[in-house]
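[1] Provided below for reference: sequence and predicted model.
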Amino acid sequence: MKLDRNGLRTMTCALVGALAFSVGSVSAKETVTVGYQLNYQPWKAAIADHEFEKATGYDIDWHQFDSGSQVISAVASGSVDVAMAGSSPIASAISHGVDLKLFYIVEGIGESEALVVRKSAGIEDPEDLKGKTLGVPFVSTSHYDMMFALQNWGIEEGDLRLLNMQPSQAAAAWARGDIDGAFVWNPALQRMLRNGGKVMITSGDLCELGKCTFNGYTVRPEFADGHPDFMTAFVGVLDKYTMMYREHPDKWTEDSDLVKKVVSITGGQASDVPTVLGQYVFPSLDEQASERWLGGGADSGAAFSLKDTAKFLEGLGKVERVPEHPEDYVTDKWVKAAMEQ
């Protein structure tokens, strides 16, 4: 085919326009904002490897929070799409009418959160806590456990001084000698233990007394419904790294690349990570879909835990109402979708 000058110019413009459209389409990825905290978890290595972005095809703006209460505030304001929080702040959120869905159980908290007290403070039994100053992040799983522990010991909140502190703030206050103890999680917990602390009671101990806590991923329902492929792929990556740890915990040593990647995201010391990971309970997708966690509607373990936690918070005057149907805020849809991939 022979082209004159005008024809050649027309074809060139068309090709340039098509190329510009193609490049624009590739570069204009949608950005999803995901909130996370600085706990040690296997999937933090996936953040370092950009595995979530690769699997979902989305750009992800990872937003760090110091506590679950901060996360839930961001979810309520719509500033994050997907976010990890503890069972206590999630229960508080749904009690206040925040529209969210719990769709993935990151872990049962087990021994990874604890009340650590200063060895030199003369605290040998619960009665010795009276008159002492303790730090705890309010409306967190640690706060829930702290209040349940005091209730179980027959100690009134007014018998001691309880300060609202994020874990990093509590660790700093501990180093200055401003507090006698704190109920926190890692890496702050390990810092305090190395600096003259001892464990008085753990979340695992309190779970055995009937009050179990967990960390989970939540999502705005409107976002989830509009991005099903993202949700399925996101859960797939979470499960991939969870199972990498469950099947080969011996590979997660302090000098391993995996642990170094976790610490590159969370901070802290690599030597603490293997011990801390061993304190969590990481459920598989099958376990998550069962009634033990997300499955079963009103009979799901997560729904029961959220309602029980909300009742406890109501008794403390932290929330004004308990959701009648907590199962409305729990879904196994995305776990099941990931199982089919």
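    Yep, that arrived. Numbers count the residues shown, from 1 in each chain.
[2] and the longest strand for this structure?
    Here the longest strand in the chain is taken by residue count, with DSSP state E as the criterion, and it is strand 101-108.
[3] next one: it to chain centre, how far?
    On the basis of CA atoms, centre = their mean, to the nearest Å, strand 101-108 is displaced by 8 Å from the centre of the chain it belongs to.
[4] could you give the mean pLDDT of whichever helix or strand comes after that strand?
    Using DSSP states H and E, the helix or strand that follows strand 101-108 towards the C-terminus is strand 113-118. The predicted model assigns strand 113-118 a mean pLDDT of 97.
[5] ranges for the strands of the stretch 1-150 of the chain?
    Counting by DSSP state E, counting those that start in this stretch, one finds strands in the stretch 1-150 of the chain at the ranges 31-36, 59-64, 82-86, 101-108, 113-118, 133-136.
[6] is it possible to export these to JSON lines including distance to residue 248 and mean neighbour count?
    Placement of C-beta: from N, CA and C, glycine included. Shown next, in JSON lines, are the strands of the stretch 1-150 of the chain (distance: least, CB to CB, whole Å; neighbours: other CB atoms under 10 Å):
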{"stretch": "strand 31-36", "distance to residue 248": "24", "mean neighbour count": "19"}
{"stretch": "strand 59-64", "distance to residue 248": "26", "mean neighbour count": "14"}
{"stretch": "strand 82-86", "distance to residue 248": "24", "mean neighbour count": "28"}
{"stretch": "strand 101-108", "distance to residue 248": "17", "mean neighbour count": "24"}
{"stretch": "strand 113-118", "distance to residue 248": "25", "mean neighbour count": "26"}
{"stretch": "strand 133-136", "distance to residue 248": "35", "mean neighbour count": "23"}
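[7] mind putting those into TSV with distance to residue 245?
    Putting the strands of the stretch 1-150 of the chain into TSV (distance: least, CB to CB, whole Å) gives the following:
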stretch	distance to residue 245
strand 31-36	17
strand 59-64	20
strand 82-86	17
strand 101-108	10
strand 113-118	19
strand 133-136	28
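[8] looking at those strands, which is closest to residue 152?
    Distance to residue 152, taken as CB to CB, is lowest for strand 113-118 among those, at 11.8 Å.
[9] packing partners of the closest one?
    Of the remaining helices and strands, those touching strand 113-118 by 3 or more CB pairs under 8 Å, 6 or more residues apart in numbering; DSSP states H and E are helix 141-153, strand 181-185, helix 188-194, strand 197-202.
[10] now the longest strand of the chain and strand 31-36, what's the angle there?
    40 degrees (axes from the mean of the first three to the mean of the last three CA atoms, to 10 degrees).
[11] name the helices or strands packed onto strand 101-108?
    When contacts are defined as 3+ CB pairs under 8 Å, 6+ apart, strand 101-108 sits against strand 214-219, helix 221-226, helix 228-247, helix 301-315, helix 333-339.
[12] let me know which of the ones you listed is the nearest to residue 55.
    Ranking the helices and strands packed on strand 101-108 by their distance to residue 55 (criterion: CB to CB) puts helix 228-247 first, at 4.4 Å.
[13] weakest of the helices and strands packed on strand 101-108 in terms of mean pLDDT?
    Ranked by mean pLDDT, those bottom out at helix 301-315, which scores a mean of 92.
[14] quick check, central residue of this protein?
    The chain has residue 84 as the residue nearest its centroid, 3.4 Å off, counting by CA atoms, centre = their mean.
[15] where does that one land on pLDDT?
    96.
[16] which parts of this structure belong to which domain?
    Following automatic domain parsing, one finds the domains of the chain at 31-108+213-339, 113-208.
[17] which one of the helices and strands packed on strand 113-118 is the most hemmed in?
    Mean neighbour counts were taken over the helices and strands packed on strand 113-118 using mean count of other CB atoms under 10 Å, and the top value, a mean of 28, falls to strand 181-185.
[18] that one pairs with which strands?
    strand 113-118 (antiparallel), strand 133-136 (parallel) (DSSP bridges).
[19] for the longest strand of the chain, what is the average pLDDT?
    When pLDDT is averaged over strand 101-108, the result is 97.
[20] tell me what angle it forms with helix 301-315.
    Relative orientation of strand 101-108 with respect to helix 301-315: 90 degrees, computed using the same axes, to 10 degrees.
[21] run through who's touching strand 101-108.
    By CB atoms under 8 Å, 6 or more residues apart in numbering, the list of residues contacting strand 101-108 from outside reads 41, 84, 90, 207, 212-221, 224, 231, 235, 238, 280-283, 288, 293-294, 302, 306, 329-335.
[22] now stretch 118-135
    Outside stretch 118-135, the residues that touch it by CB under 8 Å, 6+ apart are 115, 117, 146, 149-150, 153-155, 159-165, 169-170, 173-174, 178-184, 196-198, 200.
[23] now it: buried residues?
    Of all the residues in stretch 118-135, those buried under the rule 16 or more other CB atoms under 10 Å are 118, 121, 123, 126, 129, 132-135.
[24] gap between the two ends of that stretch?
    As for stretch 118-135, its first-to-last residue distance stands at 12 Å under the measure CA to CA, to the nearest Å.
[25] residue 321 and residue 277, how far apart?
    Counting by CB to CB, to the nearest Å, the gap between residue 321 and residue 277 amounts to 37 Å.
[26] between these two, which has more neighbouring residues?
    More neighbours surround residue 277 than the other of residue 321 and residue 277, with 21 against 11 (other CB atoms under 10 Å).
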